[in-house]
Structures are given as structure tokens and as C-alpha cells.
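Asks: here is the input, now give the coordinates:
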Amino acid sequence: MIKAVLFDMDGLMFDTEVLLGRFWIQAAREHGFDMKPEHTVAIRSMHRRFSEPYLKRQLGEDFDYRAVRGRRIELMNTYLSENGIPKKKGLDELLGFLGSRGIKRAVCTATDQERTRGYLARAGVADSFDKLICGDMIKIGKPAPYIYSFACEQLGLDPAECMALEDSPNGIISAAAAGLNVVMIPDRSQPSEDIMPLLLAVCPSLDKVAELF
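Replies: Below is the predicted model:
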């Protein structure tokens with residue numbers, strides 16, 4: 001029986017992955033690097049330990065990851081302060097459903113604690129979660145399994161009692177390796193042949209997840 005649902009954040013709860021992709025490209029080009037959309041898709045939810053060497057392989061060893069990422073954060077913060085946090089379809093409905101069933105809810109994101117809390121507060125869902133597990137709380141993030149293992153420990157539950165909701169392959173690999181039941185809600189890509197065996201289900205939107213219970 002599922003006793004907790006763990007939510008990824010960017011691209012899953014909030015329609016921010018497309019913005020992250022746009023601003024990665026803009027920031028990189030401001031620094032003289034020709035980043036492409038496929039590069040931004042590949043690093044979704046990916047920890048810096050993995051994303052930095054990947055981008056250096058793709059764009060050159062002189063790629064200034066720290067500077068480009070810092071500029072991307074500036075651009076993203078400016079946009080969101082002016083336009084708000086765009087919530088994904090069905091988020092509020094799913095959170096309400098889980099709450100009514102007494103199912104624990106947690107955020108499990110590569111984003112740091114400060115920005116995570118800010119996003120949740122501005123979207124009006126901060127009080128809907130029992131735990132926040134963020135990228136700066138662990139040493140090695142997605143696609144390694146540790147963030148999900150740590151989340152289960154914090155919830156006091158076995159991974160088999162938990163469902164992970166993810167939109168990206170890196171997040172799916174992380175949750176599956178930790179032993180959770182993984183459901184994909186596609187955002188910028190559909191499940192590939194190598195990802196499908198890791199999934200319990202694929203849902204077109206968050207409100208459809210309730211049908212799995």
C-alpha cells in the first residue's frame with residue numbers, strides 16, 4: 001500500500017522546465033557558448049556532479065558552469081518575480097486527494113532549500129507537504145538514488161511504500177534505483193524504451209495520478 005507520494009518540482013509541479021531551458025541557453029550564449037535545447041533537456045534534474053562534466057564535454061572544457069548557472073538563476077528569478085509560479089494542471093486536485101486519504105506528501109527536488117520554499121510559498125502549496133528534501137541536503141543528487149533514499153528515511157517509510165512522481169529520465173532513474181514505485185508525468189519528453197521498464201505508470205497530468213489508487 002502506498003503511504004507517501006514524493007513530488008519532483010520543476011517540470012512536475014510547476015511549468016518551469018521550459019523556462020530553465022530558455023534561460024540556460026540565454027545565459028550560455030551571453031558567455032559565448034552555443035548551448036542547444038537538447039543540452040538543457042539532458043540535464044533536467046541532474047546534480048552538478050553530473051551536469052557540469054556533461055556540459056563541458058558538449059560545449060568545451062572552457063565552459064564556465066558556475067558563471068552561466070549563476071546568470072541563469074538571475075534570469076529565472078527575474079521572470080518568476082514578474083510573472084509568478086506557473087502551476088501544472090491537476091496539482092491542487094492531487095494534493096487535496098492525497099490529503100483526504102491521509103497519504104503523506106513530500107517534495108524531492110534537485111533545487112536548493114531556499115528556492116524550493118520560495119516557489120512553494122508563492123504557488124500557495126507550502127502547507128501541503130510533510131517533508132521537503134532538496135538538492136543541497138545531500139552530497140550526490142539525481143540520477144543517483146540517494147535523494148530518494150534519504151526522503152524515505154525522513155518519512156520513516158520503506159521505499160516500496162512510496163510513490164515518486166517524476167517528469168525527467170534522471171529523476172526516474174534516481175527513484176527507481178532507490179526502490180520506489182515511479183510514475184512519469186511527461187513534460188519535455190516522453191518515456192523512452194529504456195525508461196519504460198522503470199515505471200509503474202505514465203499519466204498525462206497530475207490529476208490522473210489519483211486513478212492509480
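
Asks: can you name the residues in contact with stretch 198-205?
Replies: In this structure, residues lying in contact with stretch 198-205 by Cβ atoms under 8 Å, 6 or more residues apart in numbering are 88-90, 163, 172-173, 176, 181-186, 191, 209, 211-212. (Each C-beta comes from the backbone N, C-alpha and C, glycine too.)

Asks: give me the element Ala164 is part of.
Replies: strand 162-166 (DSSP states H and E).

Asks: right, and the helix or strand after the strand or helix carrying Ile172?
Replies: Assigned by DSSP H and E, Ile172 falls within helix 169-177. On the C-terminal side of helix 169-177, the closest following helix or strand by DSSP H and E is strand 181-184.

Asks: give the pairing partners of that following strand; include direction for each.
Replies: Using DSSP bridges, the strands paired with strand 181-184 are strand 162-166 (parallel), strand 201-202 (parallel).

Asks: what does the nearest residue to Glu161 once chain neighbours are set aside show for phi and psi?
Replies: Leaving aside its sequence neighbours, Glu161 sits nearest to Lys3 (Cβ to Cβ, 6 or more residues apart in numbering; 4.5 Å). Backbone geometry at Lys3, expressed as degrees, to the nearest 10, gives phi -110, psi -10.

Asks: so the helix holding Ile172 versus strand 162-166, what angle?
Replies: For helix 169-177 against strand 162-166, the angle by axes from the mean of the first three to the mean of the last three Cα atoms, to 10 degrees is 170 degrees.

Asks: CA-only coordinates of helix 169-177, as CSV, when you get a sec.
Replies: Output in CSV follows, covering the C-alpha atoms of helix 169-177 (Å, rounded to 0.1, in the frame of the first residue of the first chain):
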residue,chain,number,x,y,z
PRO,A,169,14.7,10.4,-17.0
ASN,A,170,17.3,11.5,-14.5
GLY,A,171,14.6,11.7,-11.8
ILE,A,172,13.0,8.4,-12.8
ILE,A,173,16.4,6.6,-12.7
SER,A,174,17.1,8.0,-9.2
ALA,A,175,13.7,7.0,-7.8
ALA,A,176,13.7,3.6,-9.4
ALA,A,177,17.2,2.8,-8.1
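
Asks: by contact count, what packs against it?
Replies: Here helix 169-177 is seen to pack against helix 146-155, strand 162-166, strand 181-184 when contacts are counted using 3 or more Cβ pairs under 8 Å, 6 or more residues apart in numbering; DSSP states H and E.

Asks: make a markdown table out of the ones you listed and add mean pLDDT and distance to Thr109.
Replies: Output for these, formatted as a markdown table (pLDDT from 0 to 100; distance: least, Cβ to Cβ, whole Å):
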| stretch | mean pLDDT | distance to Thr109 |
| --- | --- | --- |
| helix 146-155 | 97 | 8 |
| strand 162-166 | 98 | 10 |
| strand 181-184 | 98 | 15 |
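
Asks: alright, that wraps it up for me.
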